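Chemist: sequence? don't have it. structure:
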């Protein structure tokens with residue numbers, strides 16, 4: 001697991017194999033696996049999700065649970 005950025009993966013408990021780059025990215029992640037999250041606040045509210053790829057500021061910001069999603073761009 002790699003988390004780079006202020007409070008990246010802040011709430012992570014059992015999640016593993018995530019790559020996160022950006023401030024507050026995957027902040028609320030508790031048990032997500034195999035995610036790539038790049039950008040400020042990407043997947044910030046995701047509690048659990050697997051195999052997601054997100055690139056862009058605030059990508060998937062409203063998603064709390066989700067698997068196998070791809071999102072590229074601002075607030076998608």
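Modeler: Great, that's in hand. Treat the numbers as computed from the prediction; the structure is a model and nothing was measured.
Chemist: from here on, just use CA atoms for contacts and neighbour counts.
Modeler: Noted.
Chemist: residue 47 against residue 15, yeah?
Modeler: No - counting by Cα atoms under 8 Å, residue 15 is not a contact partner of residue 47; they are 9.7 Å apart.
Chemist: what's the burial count for residue 63?
Modeler: 15 (other Cα atoms under 10 Å).
Chemist: got a list of what it touches?
Modeler: 43, 45-46 (Cα atoms under 8 Å, 6 or more residues apart in numbering).
Chemist: among those, which one has the most neighbours?
Modeler: residue 43 (36 neighbours).
Chemist: which ones are touching it?
Modeler: 25-27, 37, 54, 58-63.
Chemist: on the three-state scheme, it is what?
Modeler: Put simply, residue 43 is coil when judged by DSSP: H, G, I helix; E, B strand; the rest coil.
Chemist: now do it against residue 6, distance only.
Modeler: 14 Å (Cα to Cα, to the nearest Å).
Chemist: try residue 18
Modeler: Going from residue 18 to residue 6 by Cα to Cα gives 16 Å.
Chemist: with neighbour numbers in mind, choose between those two.
Modeler: residue 18 (19 against 14).
Chemist: pretty sure that one is touching residue 12, no?
Modeler: No - contact criterion Cα under 8 Å: residue 18 and residue 12 do not qualify, at 10.2 Å.
Chemist: in stretch 9-16, what counts as buried?
Modeler: For stretch 9-16, a neighbour-count test (16 or more other Cα atoms under 10 Å) marks 9-10, 12, 15-16 as buried.
Chemist: out of everything not next to it in sequence, what's closest to residue 61?
Modeler: Spatial nearest neighbour of residue 61, excluding adjacent residues (Cα to Cα, 6 or more residues apart in numbering): residue 43 at 5.0 Å.
Chemist: what do you get for residue 31?
Modeler: residue 15 (3.9 Å).
Chemist: so the one you found touches residue 29, yeah?
Modeler: Yes - the pair residue 15 and residue 29 qualifies as a contact (Cα under 8 Å) at a distance of 7.3 Å.
Chemist: as a check, name the ranges of all strands in the protein.
Modeler: Under the criterion DSSP state E, the chain contains strands at 2-4, 19-21, 36-38, 48-50, 53-55, 65-67, 70-72.
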